[in-house]
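1. can't give you the sequence, but here's the structure:
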């Protein structure tokens, strides 16, 4: 599974901060999520926490569509790979307790794993181990819904071909955190779920975060849904035994933001451990990733499992955290988060339109190329990707525009319109029009 990214669009003109009240910005966030829900794009819950105060907390849609059970702020959602933040925190606690070292080799626990005598705990934490990613393998669908024992899962990782030599580069693999979950069990002689309860939930004072099993609506656990034939269709459930320290938790957005603040305010880790977790030269932290928005760099994790999507991030400078947990989503994660944060920071933002315009792929490819304006210090690359145009400019970001006619494309979240001719395009944003010519 690939992590989702928060992407900053090109802004050619300086945007003035809107002069409205905090109440207005929260109303706009609420209106946006209601708008997405009413257009069949989203169901889920959002919490925004400033320091230790929840300033926004709302839910949209249903926890159970068939039973018409509405989602509430107490509804539990599976969080997918965001589970890794909890696993990494527990591993670093064990390091603090001198029960483990970051330099410890995987061979001490799984000697038959490929490269086990070279791979370190550190490399597993920051995804530089090259360990086989079982959840991305072609055969995963053949067993993901059925009970698996630990040996069967370890054997699959052992039989899988490593993606690269340890330390060669960084690339996501759920195999790292499945094994780290097993290592936690071996060291503590307790289950992974027991470790989360005792080492994380108790210290962070969160009550709705625990390992998932078969979904139980009576426990306020949500089903998840995939959009199929213009309707929400219930997604099949993974068996918990394939998830462990990589995917295995469920939570609420309120719990997730409380967890993030506990992590960053010293309730779970010592300062030196938190520094190790969040400062990285590889682009990956230990159980966390980094997500830019404007001049800010959020720290957190995203996740997908079944029809669930999770995004939980923290911005240390502002002591701000947000978590959005969805059990149904038919819109890009980047677009969803850009909308929420744009509203929160009072940046210019237009709600997306959902015009379905089909454009011929051959015509789309004629717009590919590099474009420049002599007054601007960057070149814009345009490429046709899956019926859209991908727009990229060095140091300015990457985004996708959607066709609304044969020559016009839009990115509603940023208020961008691009109008193409055979050899140029006009970029319109914030009342400004700029011509870029194909090189």
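-> The structure has been received and is ready for your questions. Remember, predicted model here, so these are calculated numbers, not experimental data.

2. what pLDDT, on average, does stretch 113-127 get?
-> For stretch 113-127, the mean pLDDT works out to 97.

3. Sort out which residues of that stretch are buried, please.
-> Residues of stretch 113-127 classed as buried: 113-116, 119-127 (neighbour count, 16 or more other C-beta atoms under 10 Å). (Each C-beta comes from the backbone N, C-alpha and C, glycine too.)

4. Closest one to residue 46 out of these, please.
-> The shortest gap between residue 46 and any of these belongs to residue 127, at 27.7 Å (C-beta to C-beta).

5. In which helix or strand does that closest one reside?
-> Assigned by DSSP states H and E, residue 127 belongs to no helix or strand.

6. cool, residue 36 as well?
-> Here residue 36 is assigned to helix 22-38, by DSSP H and E.

7. which of the residues in that helix are buried?
-> Buried, per 16+ other C-beta under 10 Å, within helix 22-38: 25-26, 28-29, 32-33, 35-37.

8. Looking at these, which one is closest to residue 359?
-> residue 36 (23.9 Å).

9. contacting residues around that closest one?
-> 42, 60, 331, 336 (C-beta atoms under 8 Å, 6 or more residues apart in numbering).

10. is it fair to say the last one lies in a helix?
-> In other words, residue 336. Yes. Going by DSSP: H, G, I helix; E, B strand; the rest coil, the assignment for residue 336 places it inside a helix.

11. what's near enough to touch it?
-> Counting by C-beta under 8 Å, 6+ apart, residue 336 makes contact with 36, 42, 311, 324, 329.

12. If we use 7 Å, what do you get?
-> Shown in contact with residue 336 (C-beta atoms under 7 Å, 6 or more residues apart in numbering): residue 42.

13. Next, format the contacts of residue 36 as CSV and append pLDDT and distance to residue 378.
-> Shown next, in CSV, are these (pLDDT from 0 to 100; distance: C-beta to C-beta, whole Å):
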residue, pLDDT, distance to residue 378
42, 96, 33
60, 97, 38
331, 91, 28
336, 93, 27
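
14. which of these has the most neighbours?
-> Among those, residue 336 has the most neighbours (other C-beta atoms under 10 Å), with 26 neighbours.

15. how far away is that residue from residue 33?
-> For residue 336, the distance to residue 33 equals 9 Å [C-beta to C-beta, to the nearest Å].

16. Now list whatever residues contact both of the two.
-> Both residue 336 and residue 33 are in contact with residue 42, where contact means C-beta under 7 Å, 6+ apart.

17. burial count for residue 78?
-> 30.

18. Test my guess that it contacts residue 307.
-> No. Taking C-beta atoms under 7 Å as the definition, residue 78 is not a contact partner of residue 307, at 9.3 Å.

19. on that earlier part again, max pairwise distance over the contacts of residue 36: which two?
-> Among those, 60 and 331 lie farthest apart (C-beta to C-beta), at 12.6 Å.

20. tell me, what's touching these two both at once?
-> residue 42.

21. re the thing from before, with pLDDT as added columns, please give the buried residues of helix 22-38 in TSV.
-> Below are the buried residues of helix 22-38 laid out as TSV (pLDDT from 0 to 100):
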residue	pLDDT
25	95
26	96
28	95
29	96
32	95
33	96
35	93
36	95
37	94
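
22. ok, so of the residues you listed, who is nearest residue 83?
-> For the buried residues of helix 22-38, the nearest to residue 83 is residue 33 (24.4 Å; C-beta to C-beta).

23. what residues are up against that closest one?
-> 42, 46, 58, 60.

24. May I ask which two of the residues you listed are separated the most?
-> Every pair of the contacts of residue 33 checked by C-beta to C-beta; the farthest is 42 and 58, at 11.9 Å.

25. got the domain boundaries for the chain?
-> 42-330, 361-438 (automatic domain parsing).

26. which secondary element of this protein has the worst mean pLDDT?
-> strand 397-403 (a mean of 83; mean pLDDT, DSSP states H and E).

27. returning to what we had before: whatever helix or strand comes next after the helix holding residue 36 packs against which elements?
-> Using DSSP H and E, the helix or strand that follows helix 22-38 in sequence is strand 42-50. Where contact means 3 or more C-beta pairs under 7 Å, 6 or more residues apart in numbering; DSSP states H and E, strand 42-50 is packed against helix 22-38, strand 53-60, helix 253-264, strand 320-329, helix 333-344.

28. In CSV, list these along with distance to residue 92.
-> Output for the helices and strands packed on strand 42-50, formatted as CSV (distance: least, C-beta to C-beta, whole Å):
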stretch, distance to residue 92
helix 22-38, 33
strand 53-60, 27
helix 253-264, 10
strand 320-329, 19
helix 333-344, 27
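
29. Which residue ranges of the stretch 251-400 of the chain form strands?
-> Taking DSSP state E, counting those that start in this stretch as the test, the strands found in the stretch 251-400 of the chain are 289-293, 296-305, 308-315, 320-329, 369-372, 379-385, 388-393, 397-403.

30. Would you single out the least confident of the domains of the chain?
-> Averaging pLDDT over each of those puts domain 361-438 lowest, since it has a mean of 87.

31. and that domain, how far apart are its ends?
-> For domain 361-438, the first-to-last residue distance is 19 Å (C-alpha to C-alpha, to the nearest Å).

32. gap between that domain and the chain center?
-> 26 Å (C-alpha atoms, centre = their mean, to the nearest Å).
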